[in-house]
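Asker: this one's structure only:
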């Protein structure tokens with residue numbers, strides 16, 4: 001009898017413990033500490049994806065180049081290489097790249113952005129374009145797929161800030177444009193696939209009619225879908241980006257047809273706006289992402305450090321966690337101050353990179369400053385990877401689509417000897433002189449996770465002499481031959 005009672009008591013206790021465990025799951029471990037901004041150079045109109053162990057960040061460039069940063073932690077994006085994933089020389093679409101977004105649809109990545117025409121004053125030539133990846137790598141390679149425009153958009157098809165809305169099995173393109181003499185409004189059209197509109201006519205789903213949407217000028221732009229528990233929200237940016245009152249508003253899809261304005265209900269007050277006490281002005285043009293473990297909702301957005309910051313490259317990329325109200329609507333809180341240490345997204349396990357080793361694809365050896373010598377002119381060659389500081393490089397974004405490569409051991413930069421334009425000119429280290437011979441474009445190749453290092457002055461690339469595989473083989477500049485001796489993998493390190 002006693003044994004039976006004991007077993008029943010034990011079973012009840014176990015059931016109680018299991019129920020408590022199911023009801024109160026263990027809190028997810030916080031991610032790596034980070035501070036805003038997560039991108040200080042060209043940080044406007046950010047889009048951030050977490051995919052397969054890495055964050056991928058793209059932003060407005062104002063040039064004919066799109067660069068992307070990749071990092072295993074949110075904190076690591078601040079110092080990650082800005083790698084060129086697309087450029088365009090077609091005169092009708094090779095300038096003013098704005099508001100790029102990545103979407104994984106049907107096993108391919110699609111990169112949407114707006115661009116303008118070379119030689120035409122900003123900004124009536126802005127149109128929306130879409131690229132398609134060759135595979136499942138968010139960094140590409142990409143190929144040009146289509147222009148997306150409408151017959152009733154003015155002037156001449158003007159459309160910016162495009163995003164993809166998913167509703168059931170249907171896709172819709174949402175963006176910002178002018179229809180029938182409207183003010184700058186949120187517009188929508190159905191899609192037959194990720195790169196084709198099934199109608200050339202756009203409908204308006206929101207116009208700037210409320211006082212907080214018309215500061216500076218009446219604007220609705222940057223629509224961004226957010227989904228939860230069967231509900232669909234659409235945040236958008238309102239008022240002129242020239243003002244400190246640029247902010248976020250919110251629509252909810254409350255009807256059955258996303259193409260109809262009557263299916264959307266607008267929140268009458270802004271959902272995210274300036275925080276003067278924290279020194280954050282004009283926060284807007286956001287995106288959303290989920291923490292690596294899937295438990296947290298995060299917003300990425302840009303902001304200015306002063307009330308007069310305007311619409312230029314002074315805007316920086318910021319990110320923060322947000323919560324959900326009891327009624328099921330998002331609660332974005334207030335913008336966090338720059339420099340405050342915050343807990344990163346839950347589920348991050350990798351260390352935050354602070355530097356990179358550059359590994360040659362052909363030889364598997366590392367870019368190395370000879371002996372860690374600190375003198376100007378010390379040679380750069382390849383050597384078996386040892387983890388030494390003379391093989392570690394900080395990749396510092398210069399804010400003009402180029403970077404400088406700073407050796408961790410010496411603090412000096414990679415330099416093309418005597419600014420020579422010849423094939424075979426030596427690559428060495430030198431004190432920073434801020435000239436183009438010391439600036440490099442990092443260009444993603446079409447063959448895996450490798451990059452070519454292109455000198456801004458000469459257009460030639462870092463090359464292992466004669467494709468040597470031995471320790472000490474020289475690294476020089478050479479005309480691009482698209483061989484593996486000219487391709488480098490950027491491996492994160494601390």
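Answerer: Yep, it's here. From a predicted model like this one, the values you see are computed outputs, not experimental measurements. Residues are numbered from 1 along each chain as shown.
Asker: Please, where are all the helices along the protein?
Answerer: With helices called from DSSP state H, the chain shows them at 2-23.
Asker: Output the below-cut-off pLDDT ranges for the stretch 1-150 of the chain.
Answerer: For the stretch 1-150 of the chain, applying pLDDT under 70 flags the ranges 1-28.
Asker: Would you confirm that residue 198 contacts residue 173?
Answerer: No. In this structure, residue 198 is not within contact of residue 173 by C-beta atoms under 8 Å, at 9.9 Å. To be clear about C-beta, it is placed using only N, CA and C from the backbone, and glycine gets the same treatment.
Asker: of these two, who's got more company?
Answerer: Comparing residue 198 with residue 173 by neighbour count (other C-beta atoms under 10 Å), the higher total belongs to residue 173, at 27 against 13.
Asker: what are the bridge partners for the one residue sitting closest to the centre of the chain, then?
Answerer: For the chain, the residue nearest the mean C-alpha position is residue 57 (1.7 Å; C-alpha atoms, centre = their mean). For residue 57, the beta-bridge partners are residue 48, residue 69 (DSSP bridges).
Asker: Distance-wise, check it relative to residue 353.
Answerer: Distance of residue 57 to residue 353, computed by C-beta to C-beta, to the nearest Å: 14 Å.
Asker: intersection of neighbour lists for those two?
Answerer: Common contact partners of residue 57 and residue 353 (C-beta atoms under 8 Å, 6 or more residues apart in numbering): residue 80.
Asker: got the contact list for residue 96?
Answerer: Residue 96 neighbours (C-beta under 8 Å, 6+ apart): 62, 63, 114, 115, 116, 122, 123, 126.
Asker: do you know how far it is from residue 66?
Answerer: Distance from residue 96 to residue 66, by C-beta to C-beta: 12 Å.
Asker: Kindly report the same for residue 138.
Answerer: Counting by C-beta to C-beta - residue 138 and residue 66 are separated by 12 Å.
Asker: Specify which residue of the two has the higher count of neighbours.
Answerer: Neighbour count, other C-beta under 10 Å: between residue 138 and residue 66, residue 66 has more, with 24 against 21.
Asker: Specify the residue ranges that define each domain of the protein.
Answerer: Per the record, the chain has its domains at 31-344, 355-493, by automatic domain parsing.
Asker: can you give me the offset of the longest one from its chain's centre?
Answerer: I take that to be domain 31-344. Distance of domain 31-344 from its chain centroid, counting by C-alpha atoms, centre = their mean, to the nearest Å, is 10 Å.
Asker: Next, count neighbours for the residue nearest to residue 432 when sequence neighbours are not counted.
Answerer: Spatial nearest neighbour of residue 432, chain neighbours left out: residue 413 (5.2 Å); criterion: C-beta to C-beta, 6 or more residues apart in numbering. Neighbour count for residue 413, taken as other C-beta under 10 Å: 24.
Asker: now residue 413, which residues is it bridged with?
Answerer: residue 406, residue 430.
Asker: Let me see the contact set for it.
Answerer: Residue 413 is in contact with 404, 405, 406, 407, 429, 430, 431, 432, 438, counting by C-beta under 8 Å, 6+ apart.
Asker: Got a quick ChimeraX command for the buried subset of those residues?
Answerer: Remark: buried members of the contacts of residue 413, expressed as a ChimeraX selection using 16 or more other C-beta atoms under 10 Å:
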select :404,405,406,407,429,430,438
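Asker: Could you identify the pair within the contacts of residue 413 that is furthest apart?
Answerer: Greatest spacing in the contacts of residue 413, by C-beta to C-beta: 405 and 431 (13.7 Å).
Asker: burial measure for the closest residue to residue 52 other than its chain neighbours, as a count.
Answerer: Nearest non-adjacent residue to residue 52, counting by C-beta to C-beta, 6+ apart: residue 136, 7.9 Å away. Other residues lying near residue 136 total 11 when counted by other C-beta under 10 Å.
Asker: Give me the neighbour count for residue 268.
Answerer: Other residues near residue 268 come to 9 when the count uses other C-beta under 10 Å.
Asker: cool, residue 469 as well?
Answerer: 14.
Asker: what sits against it?
Answerer: 362, 363, 365.
Asker: Could you rerun that using 10 Å?
Answerer: 360, 362, 363, 364, 365, 382, 485 (C-beta atoms under 10 Å, 6 or more residues apart in numbering).
Asker: From these, keep the buried residues only.
Answerer: 360, 362, 363, 365, 382, 485.
Asker: And these, which two are furthest apart?
Answerer: Longest span within those, C-beta to C-beta: 365 and 485, 11.0 Å.
Asker: where do the contact lists of these two overlap?
Answerer: 382, 464, 468, 469, 473, 475.
Asker: is it possible to export those to JSON lines including pLDDT and distance to residue 419?
Answerer: Compiled in JSON lines, these are given as follows (pLDDT from 0 to 100; distance: C-beta to C-beta, whole Å):
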{"residue": "382", "pLDDT": "98", "distance to residue 419": "23"}
{"residue": "464", "pLDDT": "98", "distance to residue 419": "21"}
{"residue": "468", "pLDDT": "98", "distance to residue 419": "25"}
{"residue": "469", "pLDDT": "98", "distance to residue 419": "29"}
{"residue": "473", "pLDDT": "98", "distance to residue 419": "23"}
{"residue": "475", "pLDDT": "98", "distance to residue 419": "17"}
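Asker: Return the member of these nearest to residue 338.
Answerer: Of all those, residue 475 has the smallest distance to residue 338: 37.7 Å, by C-beta to C-beta.
Asker: tell me the contacts of that closest one?
Answerer: Shown in contact with residue 475 (C-beta under 10 Å, 6+ apart): 358, 360, 365, 367-368, 379-382, 414, 426-428, 453, 462-465, 468, 485, 488.
Asker: Mind checking which of those residues land in strands?
Answerer: Among the contacts of residue 475, the members falling in strands (DSSP state E) are 358, 360, 367-368, 380-382, 414, 427-428, 453, 462-464, 488.
Asker: just these now: which is nearest residue 239?
Answerer: Nearest to residue 239 among the ones in strands among the contacts of residue 475, with distances taken as C-beta to C-beta, is residue 453, at 41.8 Å.
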